[in-house]
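>>> no FASTA, just this:
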């Protein structure tokens, strides 16, 4: 019979040196090294004195690694400060977490110079992942704050009414799910506030890359917004608000085309419509759908049961094609959710509006780097993993850095699950150089 020792009788000592809680993250740290992230961050400027212990590019790199490894707030970086693997990746001593707040405030003071440089660097880092013809998906989200941060205002929040918030704008590339740009706004702004200047900024950063289409929900719109895309010769599909005037014109139409006749009945039509605030008529695709229930008798198709959707577009497509093309942006909410749950873009670190926008841009750069890592280094089954799942199954693994002679070895537990898959990620990250 095997003898066992009770837990309370186990001897305890804190004697292990050079240990790491993130041994599994070697694969992504190696990826960042292979794409020369450190050298790219040095191009942002804002150099400190030659004798500075923590150069600006190391602060950037430390923040990005922290967001990748699961830090949600600045004080969570205390978990990384003595981690042997993170220290090895960053070249030794790491700053105290309280210093990061001061550094972000310093970076915020140089916002006008740094923010455009960060946006440009973001596009340069993801350029290999972008398709030849881009699709811009616009959206916004709400970031609730619990203080009196600069620029935070009381706006509409469905869950926490009366709280101050920020209301950032985001633009993704619709095929690669790469984040092309972001800007921070006060919480009392509408979705369309300053959207034209944001789009112009995004197109300027993209340079000569071809943009074919733009997609947006009904929070965006208006004559100036539509005219901008038309002047740029960029096609668009945007959801419209279902107004009484639009309803009357749709009800006057008698000829609907039935596209689906199954459990759901889907019909559509295209009409020429001019809203009261528009200077000209535009093409509007209308889809109506109704669920059909199984029964002994066929169900009457009453107008009361139809669900209507309207989309304004520049494209001469069938209404069903317009609807399906627009619905491809429905995963935007999942991308924003990944930004919040995986990279804590809703956690506001400082009192400064400018510093908080710099922090947002760094987190979104970390988001893109993680997506690039999954694309280049992961098996197809792991390319759909969320950041939280990846952190739980791969990154958070105990390990030990052992130095013998001139060789440093990272030792992981023999019980590490799916070692072959992890080895493949490690090999692919090395071959990127």
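It's in. All figures in this text were calculated on a predicted structure; none of them were measured in a lab.
>>> now the helices: where do they sit in the protein?
Counting by DSSP state H, the segments of the chain that form helices are 26-34, 37-42, 56-69, 84-89, 97-109, 111-126, 195-206, 223-231, 244-251, 319-327, 332-343, 353-377, 387-390, 419-431.
>>> and of the ones you listed, who's closest to residue 399?
helix 84-89 (6.8 Å; Cβ to Cβ). All C-beta spots, glycine's among them, are computed from the backbone N, C-alpha and C.
>>> now what about the closest one, what contacts it?
17-20, 22-23, 25-26, 29, 32-33, 65, 69, 80, 93-94, 399-401, 408, 410 (Cβ atoms under 8 Å, 6 or more residues apart in numbering).
>>> Only the buried subset of those residues, as a ChimeraX command please.
In ChimeraX syntax, the buried subset of those is picked out as below (16 or more other Cβ atoms under 10 Å):
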select :18,20,22,23,25,26,29,32,65,69,80,94,399,400,401,410
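>>> Low-confidence stretches in this structure?
1-3, 158, 293-303 (pLDDT under 70).
>>> again, only this time at 50
The model of the chain has pLDDT under 50 over residues 1, 296.
>>> need the contact list for the spatially most central residue of it.
Closest to where the C-alpha atoms of the chain average out (Cα atoms, centre = their mean) is residue 339, at 4.4 Å. By Cβ under 8 Å, 6+ apart, the residues touching residue 339 are 170, 179, 345, 363-364, 367.
>>> Generate CSV for those, with distance to residue 207 and neighbour count as supplementary columns.
Converted to CSV, the contacts of residue 339 look like this (distance: Cβ to Cβ, whole Å; neighbours: other Cβ atoms under 10 Å):
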residue, distance to residue 207, neighbour count
170, 20, 22
179, 17, 23
345, 25, 25
363, 24, 25
364, 19, 23
367, 21, 24
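>>> Out of the residues you listed, which two sit at the greatest distance?
Every pair of those checked by Cβ to Cβ; the farthest is 170 and 363, at 11.6 Å.
>>> Which stretches in the stretch 201-350 of the chain count as strands?
210-216, 235-239, 257-261, 264-273, 282-291, 307-313 (DSSP state E, counting those that start in this stretch).
>>> Direction included, what does the fourth one pair against?
Partner strands for strand 264-273, per DSSP bridges, with pairing direction: strand 257-261 (antiparallel), strand 282-291 (antiparallel).
>>> I'd like those strands as JSON lines, with mean neighbour count and distance to residue 373 appended.
Formatted as JSON lines, the strands paired with strand 264-273 follow (neighbours: other Cβ atoms under 10 Å; distance: least, Cβ to Cβ, whole Å):
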{"stretch": "strand 257-261", "mean neighbour count": "12", "distance to residue 373": "39"}
{"stretch": "strand 282-291", "mean neighbour count": "19", "distance to residue 373": "38"}
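>>> Figure out which of those strands is closest to residue 137.
Using Cβ to Cβ, the nearest of these to residue 137 is strand 282-291, at 18.0 Å.
>>> which residues are in contact with that closest one?
With contacts defined as Cβ under 8 Å, 6+ apart, strand 282-291 is touched by 226, 240, 246, 250, 253, 256, 260, 263-274, 301, 305-320, 322-323.
>>> Then stretch 373-389?
27-28, 31, 68, 129, 338, 341-343, 370, 390, 393, 421, 424-425, 428-429, 432.
>>> one step back: nearest to residue 101, out of the contacts of residue 339: which one, please.
residue 363 (15.4 Å).
>>> Surely residue 144 is in contact with residue 340?
No. Taking contacts as Cβ atoms under 8 Å, residue 144 lies outside contact range of residue 340: 10.8 Å.
>>> Residues that sit against both of these two, list them.
Residues touching both residue 144 and residue 340 comprise residue 346, with contact defined as Cβ under 8 Å, 6+ apart.
>>> Quick check: the gap between the residue nearest to residue 42 when sequence neighbours are not counted and residue 91.
Excluding its sequence neighbours, the residue lying closest to residue 42 (Cβ to Cβ, 6 or more residues apart in numbering) is residue 57, at 4.5 Å. Look at residue 57 and residue 91: by Cβ to Cβ, to the nearest Å, they are 11 Å apart.
>>> Likewise for residue 318?
58 Å.
>>> cool, residue 181 as well?
Separation of residue 181 from residue 91 (Cβ to Cβ): 31 Å.
>>> The two - which one has more neighbours?
Set residue 181 next to residue 91 and count neighbours by other Cβ atoms under 10 Å: residue 181 wins out with 22 against 10.
>>> what's the more buried one in contact with, if anything?
Contact partners of residue 181, counting by Cβ under 8 Å, 6+ apart, are 119, 122, 170-171, 198, 201-202, 205.
>>> thinking again about what came up before, any chance of the helices of the chain in CSV, with distance to residue 288 too?
CSV is the format used below for the helices of the chain (distance: least, Cβ to Cβ, whole Å):
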stretch, distance to residue 288
helix 26-34, 47
helix 37-42, 50
helix 56-69, 44
helix 84-89, 55
helix 97-109, 49
helix 111-126, 39
helix 195-206, 29
helix 223-231, 23
helix 244-251, 8
helix 319-327, 10
helix 332-343, 24
helix 353-377, 36
helix 387-390, 38
helix 419-431, 47
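>>> Quick check, residue 218 in contact with residue 246.
No. Between residue 218 and residue 246 there is no contact under Cβ under 8 Å: 11.6 Å.
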